[in-house]
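1. Quick check, what structure comes out for this input:
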Amino acid sequence: MKLRKKDKRMKNGLRIALLSCIFIGNFILSMSRIFDDKLTDFQLGFCEGLSVSLVVIGTLFIVWCTIKKHNPFKPIKLTN
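-> So this is what the prediction gives:
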């Protein structure tokens, strides 16, 4: 089944979003660790929970790509 050009662009955008989840999650976790003395317990817990969720989502995407034998870091070519 061939994907149309619009579908491939949407897949590329989703791939980039899911891969960036790991980076964003690690960034939020590191910032919450740096500023843990200035954050309340609720804010610290929220930041840590959000960061762990994002890292898990990104990791699951990479594991799924490994199982399907796709390279998540290789963009999908937009050919006619």
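2. Just the buried residues of the lowest-mean-pLDDT helix or strand in the chain, please?
-> One helix or strand of the chain scores below all others by mean pLDDT, DSSP states H and E: helix 5-34, with a mean of 82. For helix 5-34, a neighbour-count test (16 or more other CB atoms under 10 Å) marks K8, R15, L18, C21, I22, G25, I28, L29, S32 as buried. Every C-beta, even on glycine, is put in place using the N, C-alpha and C of the backbone.
3. Farthest pair within these?
-> Using CB to CB, the buried residues of helix 5-34 span at most 36.3 Å, a distance reached by K8 and S32.
4. could you say what helices and strands the least confident helix or strand of the chain packs with?
-> Packing partners of helix 5-34 (3 or more CB pairs under 8 Å, 6 or more residues apart in numbering; DSSP states H and E): helix 41-67.
5. so the helix it packs on versus helix 5-34, what angle?
-> Orientation check (axes from the mean of the first three to the mean of the last three CA atoms, to 10 degrees): helix 41-67 against helix 5-34 gives 140 degrees.
6. roughly how far out does helix 41-67 sit from the chain middle?
-> Computed by CA atoms, centre = their mean, to the nearest Å, the chain-centroid distance of helix 41-67 equals 8 Å.
7. buried residues in it?
-> L44, C47, E48, S51, L54, V55, G58, F61, C65.
8. what about the spatially closest residue to the fifth one that is not a sequence neighbour, distance to S32?
-> Yep, that's L54 we're talking about. Using CB to CB, 6 or more residues apart in numbering and skipping residues adjacent in sequence, the residue nearest L54 is G25, 3.2 Å away. In this view, G25 and S32 are 11 Å apart by CB to CB, to the nearest Å.
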